[in-house]
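J.: sequence plus predicted model, see below.
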Amino acid sequence: DKLRSQKWRAPVASVLERGGVKIARDDVVRDEPTNNIPDTIFTKLGQQLHRRNQHPIGILKNAIYDYFDSNYENKFDKFDDLCPIVTVKQNFDDVLVPADHVSRSYNDTYYIDPQTVLRCHTSAHQAELLSMGHKKFLVTGDVYRRDSIDATHYPVFHQMEGVRVFSPNDWELSGQDGTAYAAEDLKKCLEGLARHLFGAVEMRWIDTYFPFTDPSFELEIYFQEKWLEVLGCGVTEQEILKRSGNSNNVAWAFGLGLERLAMVLFDIPDIRLFWSTDERFTSQFSEGQLGVKFKPFSKFPPCYKDMSFWINESFTENNLCEVIRGIAGDLVEEVCLIDDFTNKKGMTSHCYRIAYRSMERSLTDEEINELQWNVREQVESKLKVVLR
Ligand code: FA5
Ligand code: MG
């Protein structure tokens, strides 16, 4: 969600941010200080859930393809096998992300080396495909982000990018300017998609900011008693069109969060389930079946553990989450800041509540205590905070 952020933060070039880099890799041979990709992420590369026709993400992708195929005479060009390893230029520069934008930091993005990242959005492919002359296309793929931990955020997820380029004859007769025409067409297209997928559903548009579109919007859907952001979109910045040889045109673009849409579509309560190989999960979905509601296989109780510590200047929540995920893997359900205060000496204390829960079985006290013990130890040694 952070690409919408308008708050610039100077990239933290401190040792500790590099320390964040070292965090997950310091027990393997390949200890590259400029590489912050832990093994839990490496093992996800190439899994391509979006290309499995029996998996909820693949089923959803195919349903979205159907919508575009049946509503547009000239079909959208489709790409779902573009490599997730891209250059910093593709991921950021080509879509006008400013040099000091927070999303570029090692805290937010997985770097292979200073010029190469795991794409953090499918927008990384926009400029190239536009330059190749594509006017209407969909790009589906796995994307990677260092992020917080809860039921709707995961460090690997899937997006589908859509781009449509208009030429002056498209809008001239409408009495609108190109931008207004494209914005209206975009909203109609996405509202139609939501109806195609969900039928009636409670949704709302939010005005937002992206470096690559203006105006920019997000669509939220009411799910599990909350508004859930499912996509970002907008009218493409003219500079991107100009650079790709589309100077006289106007375009719209969107980026769908496929897990979020699939959660609503299939009633899947937690994003970790998409990675489950438990048959009680996988057997509930089949090719082409949209009407299925996921039946949880009995709900196991969560176990909460709190930990408090004095933070230092380079402490970040993403680094904390990476340490916890490195130890507990998918057994961690949520990490939540529950207390935050600064004492008279100017020292700041954070208290985090960690929820442990397996989607597949009951956890024993012993197992959880061991996890928590390791978490405390590594949080202290790797993040250099002082436990209280
Ligand atoms: C983007 O990634 C923009 N590239 C989208 C875009 C494309 C805007 C084209 C304009 C034009 P954002 O960071 O908001 O935006 O992510 C898009 C969607 O991905 C979100 O709405 C959400 O549904 C999903 N998403 C974001 N972070 C996560 C996460 N950690 N886990 C699961 N889904 C996520
Ligand atoms: Mg967002």
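T.: Happy to help now that I have it. Ligands and ions are numbered 1, 2, ... in the order given.
J.: what's the longest helix in this structure?
T.: helix 178-198 (DSSP state H).
J.: packing partners of it?
T.: Counting contacts by 3 or more C-beta pairs under 8 Å, 6 or more residues apart in numbering; DSSP states H and E, helix 178-198 packs against helix 56-71, strand 156-166, helix 168-172, strand 203-210, strand 213-223, strand 226-236, strand 250-257, helix 258-266. For the C-beta atoms, the positions are set from N, CA and C on the backbone; glycine is no exception.
J.: next, the angle helix 258-266 makes with the fourth one.
T.: Orientation note: strand 203-210 sits at an angle of 180 degrees relative to helix 258-266 (axes from the mean of the first three to the mean of the last three C-alpha atoms, to 10 degrees).
J.: secondary structure element holding residue 141?
T.: strand 136-144 (DSSP states H and E).
J.: no, scratch that, I was asking about residue 325
T.: Going by DSSP H and E, residue 325 is in helix 317-328.
J.: buried ones in that helix?
T.: For helix 317-328, the buried set under the neighbour-count rule, 16 or more other C-beta atoms under 10 Å, comprises 317, 318, 319, 320, 321, 322, 323, 324, 325, 326, 327, 328.
J.: for residue 245, state which of those is nearest.
T.: Checking these against residue 245 by C-beta to C-beta gives residue 318 as the nearest, at 37.6 Å.
J.: how deep is the residue lying closest to that closest one once chain neighbours are set aside tucked in, by neighbour count?
T.: Nearest residue to residue 318 in three dimensions, chain neighbours excluded: residue 146, at 4.4 Å (C-beta to C-beta, 6 or more residues apart in numbering). Residue 146 has 25 neighbours, counted by other C-beta atoms under 10 Å.
J.: ok, now which ones touch residue 146?
T.: 36, 107, 108, 109, 110, 155, 318, 319, 321, 322 (C-beta atoms under 8 Å, 6 or more residues apart in numbering).
J.: need the residues of the stretch 101-250 of the chain near ligand 2, please.
T.: Contact residues (C-beta under 5 Å from the ion) of the stretch 101-250 of the chain with ligand 2: residue 232.
J.: count the neighbours of the closest residue to ligand 2 within the stretch 101-250 of the chain for me.
T.: Here the residue of the stretch 101-250 of the chain nearest ligand 2 is residue 232; by C-beta to the ion that distance is 4.6 Å. By other C-beta under 10 Å, the residues close to residue 232 number 26.
J.: and what of residue 198?
T.: 15.
J.: touching, it and residue 266? I think so.
T.: No: using C-beta atoms under 8 Å, residue 198 makes no contact with residue 266, being 10.9 Å away.
J.: next one: residue 117 from ligand 1, what distance?
T.: 14 Å (C-beta to the nearest ligand atom, to the nearest Å).
J.: kindly report the same for residue 373.
T.: 28 Å.
J.: pretty sure that residue is in a helix, no?
T.: Yes: assessed by DSSP: H, G, I helix; E, B strand; the rest coil, residue 373 belongs to a helix.
J.: pLDDT on stretch 70-79, on average?
T.: The average pLDDT within stretch 70-79 is 95.
J.: distance from that stretch to the middle of the chain?
T.: When distances are taken as C-alpha atoms, centre = their mean, to the nearest Å, stretch 70-79 is centred 25 Å away from the chain's centroid.
J.: so where's this protein uncertain?
T.: 1-33 (pLDDT under 70).
J.: centroid-nearest residue for it?
T.: The structure's the chain has its C-alpha centroid closest to residue 157; by C-alpha atoms, centre = their mean the separation is 5.4 Å.
J.: that one reaches residue 261, doesn't it?
T.: No: judged on C-beta under 8 Å, residue 157 makes no contact with residue 261 at a distance of 10.9 Å.
J.: for the closest residue to residue 137 other than its chain neighbours, which residues are in contact?
T.: Of all residues not flanking residue 137 in the chain, residue 77 sits nearest, at 4.2 Å (C-beta to C-beta, 6+ apart). Residues in contact with residue 77, defined by C-beta under 8 Å, 6+ apart, are 129, 134, 136, 137, 138.
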